[in-house]
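Engineer: Whatever this is, show me its structure:
(one chain, ligands or ions: 1)
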Amino acid sequence: MSVTVSSPADDTPLLRVSSVSKSYGARTGCEDVSFELWPGEVLAVVGESGSGKTTLLNCISSRLMPTSGTVSYRMRDHTWRELYRMSEAERRFLMRTDWGFVHQNPADGLRMTVSAGANVGERLMAVGDRHYGNIRSTAIDWLGRVEIGADRIDDEPRAFSGGMRQRLQIARNLVTSPRLVFMDEPTGGLDVSVQARLLDLLRGLVADLGLAAIVVTHDLAVARLLSHRMMVMKDGRVIETGLTDRVLDDPREAYTQLLVSSILQV
Ligand SMILES: Nc1ncnc2c1ncn2[C@@H]1O[C@H](COP(=O)(O)OP(=O)(O)OP(=O)(O)O)[C@@H](O)[C@H]1O
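Structural biologist: Have a look, this model is predicted:
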């Protein structure tokens, strides 16, 4: 089954995913997934462990070549480019400038042995900023936006708590004003109280910046708080999709009903 979702937000999508499948030998990672993502839209991809969320996220963020299907992205100059027809250098440039990727484990998205300021500043340098004073003041500004004091700018992230590291990773990703951010379980592995604060912060930043985002999570509360739309995956396929509140309040598929009711019983 191929599921195409539509959004009311804008008449030109930012990303088009068409019939993407990925298999690992005989094992299915994800199968025949199609959807479009609009500017400023947050899409949550939910499902239980092994349902194919991470495989799909990796395929559409150019980290894992799909077995079949296409991923097209609308560039800033409005031309459409097919991701896996770009050169490796073009894809890397896109990832550094127009896209962000927030990993579940901040250590995967940060340089742990350089200062917090440098972690943010080097992304600015990657998009061509060469003015030390600008870079430092923008880094301080962004550390403030993610609630890290300016007095911590020279500390390395390994001296930070898990929540601070995750906030730093978010600042590093958002400082260049990307148009699209991929997030893989962005609050996973954090204490519940830290999660709640981080989610609040993320929600505010995504809304302020008008970011489009694809958030993979097994946590329906994260999907509820962050996303406009949801895709529910099972065994590598999308089995239900729709506005987040609709899917959570009135799930149509038996599997989604089970997923929602099992959370509500906790
Ligand atoms: N590198 C790999 N080699 C072989 N099989 C893989 C590989 N990565 C994932 N798979 C398989 O693909 C399927 C989907 O896995 P995936 O990690 O995408 O699911 P997920 O929904 O992200 O799970 P989780 O929430 O546990 O991270 C699973 O059956 C998994 O075993």
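
Engineer: How many residues are close by residue 203?
Structural biologist: Per other C-beta atoms under 10 Å, the neighbour tally for residue 203 reads 14. Any C-beta I mention is one placed from the backbone N, CA and C, and that applies to glycine too.

Engineer: repeat for residue 176
Structural biologist: Using other C-beta under 10 Å, residue 176 is surrounded by 19 other residues.

Engineer: Isn't it up against residue 124?
Structural biologist: Yes - in this structure residue 176 lies within contact range of residue 124 using C-beta atoms under 8 Å: 6.6 Å.

Engineer: what do the two both touch?
Structural biologist: Shared contacts of residue 176 and residue 124 (C-beta atoms under 8 Å, 6 or more residues apart in numbering): none.

Engineer: Please report how far residue 112 lies from residue 139.
Structural biologist: 17 Å (C-beta to C-beta, to the nearest Å).

Engineer: and those two? which has more neighbours close in?
Structural biologist: residue 139 (25 against 14).

Engineer: In a helix, that one, correct?
Structural biologist: Yes - per DSSP: H, G, I helix; E, B strand; the rest coil, residue 139 lies within a helix segment.

Engineer: Is it in contact with residue 153, as I believe?
Structural biologist: Yes - with contact defined as C-beta under 8 Å, residue 139 reaches residue 153; the gap is 6.6 Å.

Engineer: Can you work out which residues contact both of those two?
Structural biologist: In contact with both residue 139 and residue 153: 116-117, using C-beta under 8 Å, 6+ apart.

Engineer: Pull up the residues of the stretch 101-250 of the chain that are close to the ligand.
Structural biologist: Residues of the stretch 101-250 of the chain lying close to the ligand by C-beta under 6 Å from any ligand atom are residue 218.

Engineer: Can you name the residue of the stretch 101-250 of the chain nearest the ligand?
Structural biologist: Nearest to the ligand, among the residues of the stretch 101-250 of the chain, is residue 218, at 5.3 Å (C-beta to the nearest ligand atom).

Engineer: shouldn't that residue be in contact with residue 49?
Structural biologist: Yes - using C-beta under 8 Å, residue 218 is in contact with residue 49, at 6.6 Å.

Engineer: Please identify which of those two sits among more neighbours.
Structural biologist: Using other C-beta under 10 Å as the criterion, residue 218 and residue 49 rank with residue 218 on top: 17 against 7.

Engineer: Could you point out the longest helix of the chain?
Structural biologist: In terms of residue count, the longest helix belonging to the chain (DSSP state H) is helix 192-209.

Engineer: Need the residues that contact it.
Structural biologist: 42, 145-147, 161-163, 166-167, 170, 174, 177, 181, 186-187, 190, 211, 213, 222, 225-226.

Engineer: CA atoms of that helix as CSV?
Structural biologist: Output of helix 192-209 as CSV, limited to C-alpha atoms (Å, rounded to 0.1, in the frame of the first residue of the first chain):
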residue,chain,number,x,y,z
VAL,A,192,10.9,12.8,32.2
SER,A,193,11.2,16.3,33.7
VAL,A,194,14.1,17.1,31.4
GLN,A,195,12.2,15.8,28.4
ALA,A,196,9.2,18.0,29.2
ARG,A,197,11.4,21.1,29.3
LEU,A,198,13.2,20.2,26.1
LEU,A,199,10.0,19.5,24.3
ASP,A,200,8.7,22.8,25.3
LEU,A,201,11.8,24.5,24.1
LEU,A,202,11.8,22.6,20.8
ARG,A,203,8.2,23.4,20.1
GLY,A,204,8.9,27.1,20.6
LEU,A,205,11.9,27.1,18.4
VAL,A,206,10.3,25.1,15.6
ALA,A,207,7.3,27.5,15.6
ASP,A,208,9.4,30.7,15.8
LEU,A,209,11.7,29.7,13.0
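
Engineer: What residues sit buried inside it?
Structural biologist: Neighbour counts using 16 or more other C-beta atoms under 10 Å place 194-195, 198-199, 201-202, 205-206 of helix 192-209 among the buried residues.

Engineer: check contacts around the residue nearest the centre of the chain.
Structural biologist: Of all residues in the chain, the one closest to the mean position by C-alpha atoms, centre = their mean is residue 182, 2.0 Å from it. Shown in contact with residue 182 (C-beta under 8 Å, 6+ apart): 57, 60-61, 99-102, 213-214, 216.

Engineer: Cool, thanks, talk later.
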